[in-house]
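> Sequence plus predicted model, see below.
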Amino acid sequence: MSKKPIILGIESSCDETAASIISENEQGIPTVLSNIVSSQVDVHKEFGGVVPELAARSHIEKIDLITKKAIEESGIKLEEIDAIAATAGPGLMVCLSVGLSFGKAMASSLKKPFIAVNHLEGHALSPKLNSKLDYPYLLLLISGGHTQFLNVRGLGKYKRLGTTIDDAVGEAFDKTAKLLGIEFPGGPQIEEYAKKGNPNKYQLPKPIIHKGGCNLSFAGLKTAVLRVTKQIKTEQEKYDLAASFQKTVEEILYKKSKVAFKEFKNINKDKSNTFVVAGGVAANKKIRKVLITLCEEENFKAIFPPISLCGDNAAMIAMVGLEKFKLKQFNNLDYPVKPRWALDEKAVFLKGPGVKL
Ligand code: KG4
Ligand code: ZN
């Protein structure tokens with residue numbers, strides 16, 4: 001029986017310092033042996049958002065301890081690691097540099113291959129940590145920095161079908177939370193507030209809902225939320241606004257996913273009907289429910305990562321590392337930090353005023 005690969009993953013692209021060890025079981029199913037995530041919420045709370053220099057300093061302070069803990073918890077010995085995979089981008093330059101340099105140093109001292117990972121590819125492959133997932137599949141990536149539909153044809157093979165032309169959906173959640181006076185990071189709190197409110201109280205806009213294919217827009221929604229918050233007086237009205245916001249996002253994602261299904265089917269004919277939803281916002285249970293309903297109506301199979309692996313983590317980075325390791329896709333130790341790194345590098349830039357849809 002051949003030895004199963006053991007991969008160390010390292011993640012530091014934003015405000016989570018994370019390390020994880022993954023391997024495979026006898027059936028070739030990926031298994032998470034450890035997954036340590038240290039969040040910096042307390043560091044950034046008083047500033048209402050991530051401060052890059054503080055985040056980088058915190059990564060530097062913690063990365064070796066977090067990695068040590070991940071190795072200890074996995075029960076493996078250091079020399080059993082077959083490759084080190086670290087996030088090289090996209091993300092905050094100063095933060096990425098910490099994990100990437102640390103990963104390279106580990107690879108160099110252990111004399112093991114080094115693998116540079118695209119953070120977004122980590123999200124894209126995160127469902128493989130709990131589900132069997134074959135290519136091709138339609139991916140809806142919904143995080144704090146990205147909102148995209150992609151046709152995923154294989155490892156590293158992405159065709160963007162649609163993207164936000166302004167804010168990411170996670171950003172809209174966080175900004176709405178901030179306007180309601182909810183502490184950073186507010187996305188998960190909006191979901192809780194929404195449970196106590198009337199979703200039909202405020203009519204909020206759904207920009208480009210009937211045009212632009214499966215491209216999306218959230219900036220107008222944020223402006224409308226700002227306008228309503230100025231009139232809000234009671235706590236109940238806050239819950240109502242959160243519920244109205246949550247419902248509007250659900251409707252936008254439902255409608256645009258339906259359009260994306262059509263485009264995906266046109267490209268792939270009947271080869272696949274798998275719909276993967278990943279990224280921090282995929283932790284939102286109501287959004288999951290609405291998209292599952294859509295899949296039932298359209299005969300698609302919905303796949304989500306476990307809630308615990310929706311946000312940033314290193315198990316998903318190790319997952320990409322595992323796939324690349326099997327294909328011997330290794331990188332040199334001079335691999336650069338890539339603060340901007342699109343999954344589909346051929347896709348045209350679609351942001352800012354004057355965008356033609
Ligand atoms: O993927 P992620 O952890 O980091 C990025 O790569 O951006 O996503 C973070 C985003 C934040 O905007 C956060 O507010 C949002 O995901 N988020 C949620 C929920 N949990 C996290 N948004 C809505 N509902 C949630 N339950
Ligand atoms: Zn992320």
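Here it is on my side, so go on. Ligands and ions are numbered 1, 2, ... in the order given.

> Can you tell me which residues in this structure are near ligand 2?
Applying Cβ under 5 Å from the ion, one finds that the chain approaches ligand 2 through 143, 312. Yep, even glycine has a C-beta here, placed from its N, CA and C like the rest.

> Domain-wise, how is the chain divided?
Per automatic domain parsing, the structural domains of the chain span 7-127+309-326, 134-304.

> which of those sits most buried?
domain 7-127+309-326 (a mean of 21; mean count of other Cβ atoms under 10 Å).

> now the end-to-end length of that domain.
Start-to-end span of domain 7-127+309-326 (Cα to Cα, to the nearest Å) is 11 Å.

> Let me know whether stretch 2-12 sits next to ligand 1.
No: remark: stretch 2-12 sits outside contact range of ligand 1, by Cβ under 6 Å from any ligand atom, the gap being at least 9.8 Å.

> That stretch: how far from the chain's middle?
20 Å (Cα atoms, centre = their mean, to the nearest Å).

> picking up where we left off before, turn the domains of the chain into JSON lines, columns for mean pLDDT.
As requested, the domains of the chain are exported to JSON lines (pLDDT from 0 to 100):
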{"stretch": "domain 7-127+309-326", "mean pLDDT": "96"}
{"stretch": "domain 134-304", "mean pLDDT": "96"}
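
> in the chain, which spans are helices?
Assigned by DSSP state H, the chain shows helices spanning 41-44, 52-74, 93-110, 119-125, 169-179, 187-195, 219-229, 235-268, 285-298, 315-326.

> tell me what the fourth one is packed against?
Read that as helix 119-125. strand 83-89, strand 137-142, strand 274-278, helix 315-326 (3 or more Cβ pairs under 8 Å, 6 or more residues apart in numbering; DSSP states H and E).

> And those: which comes nearest residue 256?
strand 137-142 (8.5 Å; Cβ to Cβ).

> which helices and strands sit right next to that closest one?
Against strand 137-142 (3+ Cβ pairs under 8 Å, 6+ apart) you get helix 119-125, strand 147-154, helix 235-268, strand 274-278.

> Compute the inter-axis angle for that strand and strand 147-154.
150 degrees (axes from the mean of the first three to the mean of the last three Cα atoms, to 10 degrees).

> got a list of what the residue in the stretch 101-250 of the chain that ligand 2 sits nearest to touches?
Proximity of the stretch 101-250 of the chain to ligand 2 (Cβ to the ion) peaks at residue 143, 4.6 Å away. Contact partners of residue 143, counting by Cβ atoms under 8 Å, 6 or more residues apart in numbering, are 123, 168, 170, 279-281.

> of those, list those near ligand 1.
When contact is defined as Cβ under 6 Å from any ligand atom, these meet ligand 1 at 170, 279-281.

> Quick check: the two most widely separated of these?
170 and 279 (7.2 Å).

> where do the contact lists of these two overlap?
In contact with both residue 170 and residue 279: 142-143, using Cβ under 8 Å, 6+ apart.

> still on that earlier bit, nearest to residue 336 among the domains of the chain would be which one?
So among the domains of the chain, domain 7-127+309-326 is nearest, using Cβ to Cβ, at 7.3 Å.
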